[in-house]
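# The following comprises the amino acid sequence and a computationally predicted model.
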Amino acid sequence: MPDSEWLNPISTEANKLKREAAKRRRAYQELSVLKSGVQEYIEAGWEIDRELKIRTRIRKPWGHDEKLENKVWHLFYLLGYPEISSGRNFQITIKRKGADPYKKQIDVLAKDDETVIVTECKSSARITRRSLQKDIEEFANLKGPIANAIKKHYGADFTPKIIWLFVTNNIAWSQPDRQRAAGAQINIVTENELRYYLQIADHLRAAARFQFLAEFLKDQKIPEMDGVHIPAVKGKLGGKVFYSFVSTPKQMLKIAFVNHRSLNDPAGAPSYQRLVSRTRLRQISRFIHGGGFFPTNILVNFSNKCRFEHVAKDDETNVVFGNLYLPCRYRSAWIIDGQHRLYGYAPLSEKYLNQNIMVVAFENLKKEEEANLFVTINHEQKSVPKTLLDDLEGELKWGSDRPTERIGAVSARLIGLLNNDIGEPLYGRVTQQGISPTEKTCLTVPAIKDGLRRSGLVGNAILNKKEFAPGVLCGTNDMATLDRARSALNSYFQLLASANINQWESGRKGYLCTNVALQAYLQLFSSIVSYMESNKGLSARELEPNDLISEIEEYMDPVLSWLSEASAIQMEKQFKVQFGSGGPREYFYRLCLMIRESFSDFSPEGMDEWAKGQSEVLVDDADKKLKELNIQVQKAIFDTFRQVYGVDGDAYWNKGVTDKKIKTRAYEKSLDDEDEDRLPLENYLDFIEYKKIVENKAHWNLFKPLFDIPEPGEKGYTKNVRWMERINELRRIPAHATEKRSYKASDFEYIEYIYEEFTTRLNATEDREDI
């Protein structure tokens, strides 16, 4: 295969590509309307059978590697690239001097009139740390032959900018590999960045290509913008140089860049912009298409000094009139305010792209100054989500002398680090502004920040919030605190995740990795550390993070042991707490109660008061359930006897109760009542006598479905009625109350278990009888 023909799958099979694009477009459109059950299959990598056009018919599962390639393909489709390589069999012939030619697969290749994107994809089924040195070096060595093949195929007149992407999924990049890729001018895209690009492409469609190219072609020249100049006014605001001018969307879109928080680009720190709203973009586009316009300025920051030709000056206002040469490089105009107004023009025709728009541009502002302007404009004029403001605090308030701001800044940055630590428990679990949360990605910055603040782990604001008191995870400075807290909390949360990985991975459904749960566990961390210091005479701040976790692990054992055995139902029963600010506190004290079972003097502040109030509620509930159990058990036994033996001549009693001693005691008790008050004899039985009646060999098969209840955590025996003995003992607590006789914490759980199990079986029996 001559290397001049290697692009034939793109150039000579255009119709086939269009059909494939149409299929993929329909498939991805279907994904958005499928019900949750099918969507779960899709998310897991299953493909809709397009040939039969049956939405719920599942065909062949995508492997994780093919799934990644398909995501990249879909990204380029959304970005509007007219030519995209199709299928995993797309290969080129590599020819090198002195060597035999060989074929190389190109995972995904996309081309338009100005750019070509060559993509290498690497994926792992699970998060792993591996060396990519060999893959990077091979990809780097092929850049020349691939570029030559592109030029040879399209002709010498085609001089595109080639973007080399190395896209990975579930692979933790090492610093040496990052350096190798940077040295070879290969751009890294992890699953986090890919998710961002897919989200923005889904919102902006082809218009997102400007943002995408700005990221990977930053500072490279845009030939068609070279020498473009417009009339402008130059002056100063707040000591900062600004330009005021009229431009067009077509010009500004090419050089613009939005510093989205979700991208988390280190070069743009602090990033501050929210992700664009698809609904708002559509509204703006319709407004413009209908003849509307915006009399307000789009606010940008030119990242480099601009060329300005002086024409005239007003000495009184110190304003200069002249010609401004617009920047001619990608990513040179950072949008501070007005991204929706600008991108609203993107899907419209050339007629609208050449309309006038008003722009105010600062020059060489620092990113912190951009962020402060953004917050000032948006926070004063309209509501900015608290999530974004909390997230930004890590950048805008870093180094603050105010204790509350200092703690907030450290907490915000710490949450970002924990969320981006590949392979660690909180990796990818914190929601990002503008990207929809999922069942698993359900933690929020404000909630976790509040948990850190309340725990005091990274510091406390004392003396009317004017003084800073270091917390147990604080280092010698704020950067050291980040390192220390990051290490300690990753290890701490790993204990929880390892104890019950299914519940941890279930996100909000698991009641373990949720906002409420993590706030409670952060408070528990702080309380256990204080308890450990008191018991062992150690200073937590003097311990290395791993040593600190080792010291507190024994106190965590009651919680970890319970978690390791807990089912989803048990988790819900134990930790489903009320919404609102009281939820984390309730969850925290329930954890404390578990620890107190093993460490009786464990008593964090406020626990005794909570336990007292909690105890009263639990006691009332236990008393009520024991009373109901007694009634239900008696009724179930004698209703069964009435059905089997009938009521004529008290047959149900005489044939059902065969033990003469039980009958005699019941009769003797009945004599204590006056004749007119005397009840049927079954009303004079003790609860323990119900057990003897039920387990009688002659009647066991009648009662087994309802009464055969194994002890919690046991597989059971031939007859599982020991629970009736314990319930009988527990009934004595309310029946014969004394100062010394009271419920234990484990008693409440046991009563709840038996009550739920018995009533569930009883209801099921009644339902069958109704049928």
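Nice, I can see it.
# Tell me the bridge partners for residue 120.
residue 166 (DSSP bridges).
# Run a quick neighbour tally on it.
Counted with other C-beta atoms under 10 Å, the neighbours of residue 120 add up to 21. Any C-beta I mention is one placed from the backbone N, CA and C, and that applies to glycine too.
# same deal with residue 432?
When counting by other C-beta under 10 Å, one arrives at 27 neighbours for residue 432.
# What strand or helix carries it?
For residue 432, there is no enclosing helix or strand under DSSP states H and E.
# ok, it to residue 625 distance?
According to C-beta to C-beta, to the nearest Å, residue 432 stands 45 Å off from residue 625.
# go on, residue 355?
Remark: distance between residue 355 and residue 625 (C-beta to C-beta) = 72 Å.
# the more surrounded of those two?
Taking neighbours as other C-beta under 10 Å, residue 355 and residue 625 compare with residue 625 leading, 20 against 13.
# so the more buried one makes contact with residue 749?
No - Residue 625 lies out of contact with residue 749 (C-beta atoms under 8 Å); the separation is 11.8 Å.
# three-state assignment of the closest residue to residue 130 other than its chain neighbours?
Sequence neighbours aside, residue 171 is the residue nearest to residue 130 in space, at 6.3 Å (criterion: C-beta to C-beta, 6 or more residues apart in numbering). Three-state call for residue 171 (DSSP: H, G, I helix; E, B strand; the rest coil): strand.
# ok, residue 171 - contacts?
Neighbouring residues of residue 171 by C-beta atoms under 8 Å, 6 or more residues apart in numbering: 122, 123, 124, 127, 128, 129, 130, 132, 190, 422.
# Could you rerun that using 10 Å?
Residue 171 makes contact with 122-124, 127-130, 132, 177, 190-191, 422-423 under the criterion C-beta atoms under 10 Å, 6 or more residues apart in numbering.
# If any of these are buried, give me the ChimeraX selection for them.
Filtering the contacts of residue 171 down to the buried ones (16 or more other C-beta atoms under 10 Å) takes a single ChimeraX command:
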select :122,123,124,132,177,190,191,422
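# Which ones among the contacts of residue 171 lie within helices?
Counting by DSSP state H, the part of the contacts of residue 171 found in helices is 177, 191.
# and of the contacts of residue 171, the nearest to residue 328?
Set against residue 328, the nearest of the contacts of residue 171 by C-beta to C-beta is residue 190 (30.8 Å).
# Which residue, other than its chain neighbours, is closest to that closest one?
residue 168 (5.6 Å).
# Also residue 626?
In space, residue 626 is closest to residue 731, 5.3 Å off (C-beta to C-beta, 6+ apart).
# Okay, buried residues for the helix or strand encompassing the one you found please.
Per DSSP H and E: residue 731 is located in helix 722-735. Within helix 722-735, the residues that count as buried by 16+ other C-beta under 10 Å are 723, 724, 727, 728, 730, 731, 733, 734.
# could you say what helices and strands the one helix or strand residue 765 maps to packs with?
Assigned by DSSP H and E, residue 765 belongs to helix 745-770. Judged by 3 or more C-beta pairs under 10 Å, 6 or more residues apart in numbering; DSSP states H and E, the packing partners of helix 745-770 are helix 568-575, helix 582-598, helix 607-645, helix 700-707, helix 722-735.
# Quick one: mean pLDDT over it.
If you average the pLDDT over helix 745-770, you get 82.
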